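> Sequence first, predicted coordinates after that:
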Amino acid sequence: MKLIRKFKNYSIRQAILVSTVLIISIAMSIVTIGNYINFNSTTTDLVENTSKELNKQIILNYESYISSVVETANYIAAITTEYGLDDNTEELNSVYEQATDLQTDITSIFLLDIYGNRVVGSDTDSIAVGLRHKSWFKDALINESIFHFSSPHIQDVFESSYKEVITITTTVDYYDNLTKKTGVLVVDLLIDNIVELSTATNLGENGHLIILNDDDTLIYSSTEKCIDNSCPSVTLVEQLIIGGDHVNIDGTSMYLSVNTLKNTRWRIATFVNTELLAETRSNTILFSAIIIAVTLFITIIVSSTISKRISTPLQKLMNHMQKIQKGNLYKRIELEGQIEVVVLADRFNIMIDEIRDLMETVLREQKDKRKTEFIALQTQINPHFLYNTLDSIIYLSEHKQNEKVIQMVSALSKFFRISISRGKNIILLKEELEHARNYLLIQQIRYNEKFKFEFQVDENTHQYKVVKLLLQPLIENAIYHGINTEYNEGIIIIRSYVSNEKLYLEVEDDGYGITEEGINELYDQIKIEKKSKSVGLRNVYQRLKLYYGEDSDFIIESELDTKTIFRLEIPIERA
């Protein structure tokens, strides 16, 4: 569905071009992908099966070779246990020597006691000291049930020997003076046969074989590029553990097969070069891509030529509409082409002229309405305040409190002078603060000085201009609903300051406070007209938003039985 909706938004030219290219692309792609999948599946299976068979053949060759060595070791172990050392030492030495003579790849066979000392062997030359510290010696004593195969090393049985061997060890029971003892049978096997077996099979260019011990130590590698455990081949075998997978080594595609070797804890991994397969795949993909590209190129040229003759006039009209959308209502469009397109352009020009005239009319009406609404809100501020104040003046006059009458009349005069402000709606903050002071003086006298007031004003804020009569409704709310003028003496604090590019006006009282639920209810009342019960607070909120926009804010903070703060936040650039 999304594709259909998107296609509907295309131009005629795009629709013809895209649909033609899409149909041909899908058809060619299906055929090409099908052929490629079939080819890839067949060749991949062939490579995998061939690689696995090569690995199995190599494993069989090694197992056959290792089995012959293990059989020789088992034979020597059985003879050693049967003969014992009592009067048979020379015969045992002869058996050991015959075994090395018969199997030329075995350089020496020795029996060591558990302290690493030579008991019997195939040669009478001296042996290296400290053999009991060798890993192959320790492994045999730790796990007596299996044969242990060491990594390749220089033969250390004879001091004069420098042959590279693999040492095979296992524990053997023997008798010495009718006492049963345990020894370690040591067979040193030349590595030459291991090397010959690895080269007997063709693994392709850069194909190679590696042998790892059970702790993933590299025992043998048929390539000079892999000489220790840091080479990529070892890492790949460690990750795969056992089985087969396609891998890439130094940019060469290979198939890796890993299997274990019977009688040992070795794993043999073969890397068979599959680069020819990769090249064949690449050539197939390249050839298919060329065919698709040429076909699409021809399709695009033909489709573009046909669609251009139809869509060019409509494209110009669409571009002109985009300019209109951005607000340019004063530029007309002239088109040449088919009669339908020319008529459409003329009707469009007429429509834009009518829209422009209508927008100008609506803007004038909205501006007048906004101004009227603002003035109406301004004049809404408590007209009954005048009646109450005059009643208070009459009361004070009747009780001969002439001094307070004078104070009240003077404050009232200043109050209304600033309220009128020669018809201005925007006044200096200094004047707004003076207006608030006069209002507080009048109310303080009316309530027989049941509250005090204090101004904490940053004098640097006097220069800013604000909508007049913002503070009076907040002060009135503090007097009527904040402080307790009947039983206690409260205090009202007026503040003005600048912070973070904002001008802040605050009215604080130390009265009852408001709960969080009450604050949320107040917010609903001042922001939603139908819910409004706090007419004065809503009046302030409306005028704040009308003049200063959404960057302004009306914030209420309160602590129960401690204080309540009404804060107005005004953008500094608008002040």
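Ah, there it is. Numbers count the residues shown, from 1 in each chain.
> so what's the backbone phi/psi at V294?
Backbone torsions of V294, given as degrees, to the nearest 10, read phi -60, psi -40.
> residue boundaries of the helices in the stretch 351-500 of the chain?
Secondary structure of the stretch 351-500 of the chain by DSSP state H, counting those that start in this stretch: the helices cover 384-398, 402-420, 429-446, 471-477.
> Including mean pLDDT, mean neighbour count and distance to K181, could those helices go into TSV?
Using the backbone N, CA and C atoms, a C-beta is placed for each residue, glycine as well. Output for these, formatted as TSV (pLDDT from 0 to 100; neighbours: other CB atoms under 10 Å; distance: least, CB to CB, whole Å):
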stretch	mean pLDDT	mean neighbour count	distance to K181
helix 384-398	67	14	119
helix 402-420	72	16	119
helix 429-446	87	21	108
helix 471-477	88	22	105
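> Those helices into TSV, with extra columns for distance to S230?
Shown next, in TSV, are the helices of the stretch 351-500 of the chain (distance: least, CB to CB, whole Å):
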stretch	distance to S230
helix 384-398	91
helix 402-420	87
helix 429-446	76
helix 471-477	77
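> among these, which is nearest R267?
For these, the distance to R267 is smallest for helix 471-477, at 84.2 Å, taking CB to CB.
> Helices of this structure, start to end?
2-8, 12-83, 89-102, 135-142, 192-198, 232-240, 275-325, 339-378, 384-398, 402-420, 429-446, 471-477, 516-527, 535-548 (DSSP state H).
> same for the fourth one, what does it pack against?
So the one you mean is helix 135-142. Contact analysis of helix 135-142 by 3 or more CB pairs under 8 Å, 6 or more residues apart in numbering; DSSP states H and E lists strand 148-149, strand 164-176, strand 179-190 as its packing neighbours.
> Same list, these, but as a markdown table with mean neighbour count please.
Formatted as a markdown table, those follow (neighbours: other CB atoms under 10 Å):
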| stretch | mean neighbour count |
| --- | --- |
| strand 148-149 | 24 |
| strand 164-176 | 21 |
| strand 179-190 | 20 |
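> So which of those is nearest I79?
Nearest to I79, of the helices and strands packed on helix 135-142 and by CB to CB, is strand 164-176 at 9.8 Å.
> Using CSV, write down the CA coordinates of the closest one.
This file holds the C-alpha atoms of strand 164-176, laid out as CSV (Å, rounded to 0.1, in the frame of the first residue of the first chain):
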residue,chain,number,x,y,z
GLU,A,164,63.1,-32.0,15.5
VAL,A,165,60.7,-34.6,17.0
ILE,A,166,57.2,-35.1,18.5
THR,A,167,57.4,-36.9,21.8
ILE,A,168,54.7,-39.5,22.6
THR,A,169,54.3,-40.5,26.2
THR,A,170,52.3,-42.8,28.4
THR,A,171,52.6,-44.5,31.7
VAL,A,172,53.9,-48.1,32.0
ASP,A,173,54.0,-50.5,35.0
TYR,A,174,57.2,-52.4,35.4
TYR,A,175,58.8,-54.6,38.1
ASP,A,176,62.1,-54.0,39.7
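> got the angle between that strand and helix 12-83?
On the basis of axes from the mean of the first three to the mean of the last three CA atoms, to 10 degrees, strand 164-176 is oriented at 40 degrees to helix 12-83.
> before we move on, the earlier item: quick check: which of the helices of the stretch 351-500 of the chain is nearest to A99?
Nearest to A99, of the helices of the stretch 351-500 of the chain and by CB to CB, is helix 471-477 at 110.5 Å.
> Not counting the closest one itself, show me its contacts.
381-382, 385, 432-433, 435-436, 439-440, 443, 492, 494, 505, 507, 534, 536-537, 539-540, 566, 568 (CB atoms under 8 Å, 6 or more residues apart in numbering).
> List the beta-bridge partners for V184.
Note on V184: beta-bridge partners L112, T171, judged by DSSP bridges.
> Against G84, how distant is it?
Separation of V184 from G84 (CB to CB, to the nearest Å): 17 Å.
> try Y480
118 Å.
> And the two? Which one has more around it.
A side-by-side neighbour count of Y480 and G84, using other CB atoms under 10 Å, places G84 first with 19 against 11.
> and the closest residue to the more buried one other than its chain neighbours, what is it in contact with?
With sequence-adjacent residues excluded and distances taken as CB to CB, 6 or more residues apart in numbering, G84 is closest to Y175, at 3.5 Å. When contacts are counted by CB under 8 Å, 6+ apart, Y175 is found next to 81, 84-86, 181.
> Between those residues, which sits nearest S29?
Once CB to CB is applied, the member of these that ends up nearest S29 is T81, at 73.3 Å.
> can you pull the contacts of the residue nearest to the closest one when sequence neighbours are not counted?
Distance criterion CB to CB, 6+ apart; nearest residue to T81, sequence neighbours excluded, is D173 at 5.3 Å. Shown in contact with D173 (CB under 8 Å, 6+ apart): 81, 180-183.
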